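*Asks:* Sequence plus predicted model, see below.
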Amino acid sequence: MGHLDHAALGWLTPALSYAMACTGAALGLRCTVRALAATGRSRRNWLITAASAIGTGIWTMHFVAMLGFGVTGTDIRYDVPLTLLSLLVAMAVVCAGVFAVGYGRDRGRALLVGGLTTGLGVASMHYLGMSAVRLHGDVTYDPVLVGLSVLIAVVAATAALWAALTIKSPVAVTLASLIMGAAVSSMHYTGMFAVSVRVTPSGESLPGATAMQFVFPLAVGLGSYLFLTSAFVALSPTAGERAASASAQRPVVSAASQGGT
């Protein structure tokens, strides 16, 4: 058996991956709150932004954490198409869950369906990302820990969607995002502790790209997207602020029309 190291770079990758998960969760929750206060095209756009933020945050968390993953006796490479597919899966399933909540008439049923869909999708993203790993040896999984990681993903996704429906204040959203980030990180490392590798030494070169060649630049790009989108959401007026601005302008318009008569 090869020795697995989940933090080859020390606490840098666990801490940074947790920060990415929290950032994506916070942004997604804020966008969902904005969506529920909007209608029509505006609601759809906010939900799409929320799904892309949560999906990007989860995917970035996973692969930033994977930068610290190492196995003694073998190099590690990543299959590029499968890695990109895992990103698309993360965004698609989170989008399905968020839209189920955003447009569901029965909130309880929508929460259960959305949480189950999103949780299973997050777990699928994780294990699809793991299937993109290329190394000299055979990878096996502990089924009990795999099941536990899936359960954590479903519970975390359901809790996050419940928070989006229930929590409105920025402080509460921040607290919820910290909890969700911890849950997503727990799901990831539970799934990683389920991994065992039987190394088969070989002098052949591995197919795929190294983490620094592919995963790191993509993670940096997606992380930048999260922070830029966070700034946009923070500067964008809420529905309440727009309504207050519109009501404040009405007396001015009315006074001007009366003065002209």
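*Replies:* That came in fine, so what should we check first? None of these values were measured; they are calculated from a predicted model. Residues are numbered from 1 along each chain as shown.
*Asks:* how about the nearest residue to Glu204, chain neighbours excluded?
*Replies:* Once flanking residues are discounted, Glu204 sits nearest to His136: 7.7 Å by CB to CB, 6 or more residues apart in numbering. Placement of C-beta: from N, CA and C, glycine included.
*Asks:* ok, Val122 - contacts?
*Replies:* Contacts for Val122 (CB atoms under 8 Å, 6 or more residues apart in numbering) come out as Ile58, Ala90, Val93, Val94, Ala153, Ala156, Ala157, Val184, Met187.
*Asks:* tally of neighbours for the last one?
*Replies:* Burial measure for Met187: 28 neighbouring residues, criterion other CB atoms under 10 Å.
*Asks:* Just list what the one helix or strand it maps to packs against, helices and strands only.
*Replies:* Counting by DSSP states H and E, the element that carries Met187 is helix 170-193. Contacts defined by 3 or more CB pairs under 8 Å, 6 or more residues apart in numbering; DSSP states H and E place helix 170-193 against helix 12-36, helix 40-66, helix 107-131, helix 143-166.
*Asks:* Next, the angle from the helix or strand that that helix is followed by to helix 143-166.
*Replies:* Sequence-wise, the next helix or strand downstream of helix 170-193 (DSSP H and E) is strand 195-199. Interaxial angle, strand 195-199 versus helix 143-166 (axes from the mean of the first three to the mean of the last three CA atoms, to 10 degrees): 140 degrees.
*Asks:* Just the mean pLDDT for the very next helix or strand once past strand 195-199, thanks.
*Replies:* Using DSSP H and E, the helix or strand that directly follows strand 195-199 along the chain is helix 216-235. Across helix 216-235, pLDDT averages out at 75.
*Asks:* And Ala7, which helix or strand is it part of?
*Replies:* Residue-wise, Ala7 maps onto no helix or strand under DSSP H and E.
*Asks:* switch to numbering from 18
*Replies:* Renumbered: residue one is now 18, and that last one reads Ala24.
*Asks:* Distance check, it against Leu102.
*Replies:* Plainly put, Ala24 is 26 Å away from Leu102 if you go by CB to CB, to the nearest Å.
*Asks:* What of Ala109?
*Replies:* 10 Å.
*Asks:* re the thing from before, please dump the helices and strands packed on helix 187-210 into CSV; it should also carry mean pLDDT and distance to Phe231 for every row.
*Replies:* CSV is the format used below for those (pLDDT from 0 to 100; distance: least, CB to CB, whole Å):
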stretch, mean pLDDT, distance to Phe231
helix 29-53, 85, 16
helix 57-83, 86, 9
helix 124-148, 86, 12
helix 160-183, 86, 24
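*Asks:* wait, which of those helices is closest to Val237?
*Replies:* Closest to Val237 of those, according to CB to CB: helix 57-83, at 9.0 Å.
*Asks:* so the closest one versus helix 160-183, what angle?
*Replies:* Going by the same axes, to 10 degrees, helix 57-83 makes 150 degrees with helix 160-183.
*Asks:* Tell me the helices and strands packed up against helix 57-83.
*Replies:* Helices and strands touching helix 57-83, by 3+ CB pairs under 8 Å, 6+ apart, are helix 29-53, helix 97-120, helix 124-148, helix 187-210, helix 233-252.
*Asks:* Return the most buried member of these.
*Replies:* helix 29-53 (a mean of 23; mean count of other CB atoms under 10 Å).
*Asks:* For that one, what is the distance to the chain centroid?
*Replies:* Distance of helix 29-53 from its chain centroid, counting by CA atoms, centre = their mean, to the nearest Å, is 7 Å.
*Asks:* and whichever strand or helix holds Asp155, what other elements does it pack with?
*Replies:* Using DSSP H and E, Asp155 falls within strand 154-158. Judged by 3+ CB pairs under 8 Å, 6+ apart, the packing partners of strand 154-158 are strand 212-216.
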